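**Student:** Predicted model, plus sequence, below.
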Amino acid sequence: MAKDFYQALEVARTASQEEIQRAYRRLARLYHPDVNREPGAEERFKEITEAYRVLGDPAARRRYDAAAQGVQRASAGWDFDMQPHVRVRRGAPTPGPAPAWTAAPGFGDLFGDLYGERTYQGWASAAGAHQEAELEITVEEAYHGARRVLTLDGRHRMEIVIPPGFVAGQRLRIPGQGGRGRAGAPDGDLFLVVRIADHPKYRVRGRDIHVELRLAPWEAALGAAVPVDTPAGPELIKVPPGTSSGDRLRLHGRGLPNPQAEPGDLYAETRIVVPAPLSEDERRLFQRLADTTGFDPRRQP
């Protein structure tokens, strides 16, 4: 039977290109050999990639749809493999060092140039498709750089280097590790799209890093130099007198590094924390402040 690429991607034939892309990304993440070691996951991943290679290209998709309709109408008794760049009739191979297949008589117009190439006696040559996969890294790895060992194709391991300063959405290219080329054509490349994992302390926005800075009431009122955590280690930050909760203090150049320009900044958002429970001395001091101050935060502009 001809392969149903829509069924492989679990979408309707009327699906939009955006729906097809979303389906591919979802399924690729689910069945990628690096994250799914269950039997059959690798074959399912290959099937998903093969289907997206055609349906993800609007022009190739139109030709695939037209050819599939033609096969339904006219191919009784014939079995065509609808893989990209390979159109064959299943049958006995002719003698020779390489397998050769002959398309059915009268189907040259239908299958010729189906994916930009003419059908001919023998395997069609086609470069492997580029592929994408998501690579999740920590904030610390984005700051310092890292080395990772990946398992490719479920068989061999490869070490990759993540340079310092990589941000979400940037891509690492691994040459020759994408889709396999056919008949001696080069393999495609694998692009790893970086995603920065959530962190209990840091929030990353572009190259800027945001942290929460907790302050005692007297530090906020009188000013202080307090330590703040950064991916490079603790740094002292100057808190000006009269700081309120929600103020943002900046450490210039303490965000993610940038190999080609200025690094990002680190922003510390202040939060005033009252000691609890209060000791007797603390309670008396706060009560004295309450009795002597005329400050009313609810009447401030």
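**Tutor:** Looks like it arrived, so ask away.

**Student:** Can you tell me the element Val193 falls in?
**Tutor:** strand 190-196 (DSSP states H and E).

**Student:** Tell me how far that strand lies from the chain's centre.
**Tutor:** 5 Å (C-alpha atoms, centre = their mean, to the nearest Å).

**Student:** all helices for the protein, in order.
**Tutor:** 5-9, 17-31, 41-55, 58-74, 108-111, 139-144, 217-222, 280-292 (DSSP state H).

**Student:** what angle separates the second one from helix 41-55?
**Tutor:** The one in question is helix 17-31. Helix 17-31 runs at 170 degrees relative to helix 41-55, counting by axes from the mean of the first three to the mean of the last three C-alpha atoms, to 10 degrees.

**Student:** How about the last one?
**Tutor:** Helix 280-292 and helix 41-55 meet at an angle of 30 degrees, taking the same axes, to 10 degrees as the criterion.

**Student:** now for helix 280-292, which elements pack on it?
**Tutor:** Applying 3 or more C-beta pairs under 8 Å, 6 or more residues apart in numbering; DSSP states H and E, we find helix 280-292 packed against no helix or strand. Backbone N, C-alpha and C define where each C-beta goes, glycine included.

**Student:** and it, what's its mean pLDDT?
**Tutor:** Predicted confidence along helix 280-292 averages 90 (mean pLDDT).

**Student:** what's the answer for the second one, then?
**Tutor:** Model confidence over helix 17-31, given as mean pLDDT, is 90.

**Student:** Quick one: residues in contact with it.
**Tutor:** Under the criterion C-beta atoms under 8 Å, 6 or more residues apart in numbering, residues 9-11, 15, 35-36, 41-42, 44-45, 48-49, 51-52, 55-56, 58, 132-134 lie in contact with helix 17-31.

**Student:** now for the strand holding Val193, which elements pack on it?
**Tutor:** Contacts defined by 3+ C-beta pairs under 8 Å, 6+ apart place strand 190-196 against strand 131-137, helix 139-144, strand 171-174.
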